[in-house]
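1. this one's structure only:
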């Protein structure tokens, strides 16, 4: 970038799409992008798996997951449930391992997250999209996949972002 100007009074500056190389600007810090979601409602037991990207630092002091229209209740991990490895990977698991989330570094301030829930209580489907909300340390990040990226099956739902 040339001839940049500093704006002391502004917390963020909006960059026009044409100013980013190839029209592809990096997502804002803290953005959450959901890539895949799988919900199995019955058969071998309920299960939920979600995969996506978090732009910014992952939580280290516990977090809460909500999936409106998918999970009946929020899933929470306390600070004692989370561990950060020297590699930068952060893993949170409830005792017994029925709920786990892992954040793995994928570049500067980008982390791949994976959530796996075994035997969660599912809500009656009330939304067309699949939304994921992560909250920690007073912040809340949300991402979703539209209904057009999802296929319903008799015993569940499969969604894959494009």
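-> Received the coordinates, thanks. Just so we're clear, the structure is a prediction, and the values are computed from it rather than from any experiment.
2. ok, residue 134 - contacts?
-> The neighbours of residue 134, taking Cβ atoms under 8 Å, 6 or more residues apart in numbering as the test, are 32, 54, 59, 63-65, 113, 140-142. (Glycine included, C-beta is placed from N, CA and C.)
3. Buried subset of these as a ChimeraX selection?
-> To isolate the buried subset of these in ChimeraX, counting by 16 or more other Cβ atoms under 10 Å, use the following:
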select :32,54,59,63,65,113,141
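4. Any chance of CSV for the contacts of residue 134, columns pLDDT, distance to residue 102 and secondary structure?
-> CSV is the format used below for the contacts of residue 134 (pLDDT from 0 to 100; distance: Cβ to Cβ, whole Å; DSSP: H, G, I helix; E, B strand; the rest coil):
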residue, pLDDT, distance to residue 102, secondary structure
32, 92, 15, strand
54, 93, 11, strand
59, 86, 12, coil
63, 93, 12, strand
64, 95, 16, strand
65, 95, 13, strand
113, 95, 7, strand
140, 91, 20, strand
141, 92, 16, strand
142, 93, 19, strand
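5. and which of the contacts of residue 134 is nearest to residue 131?
-> residue 142 (6.2 Å; Cβ to Cβ).
6. what's the first-to-last distance across stretch 65-77?
-> 9 Å (Cα to Cα, to the nearest Å).
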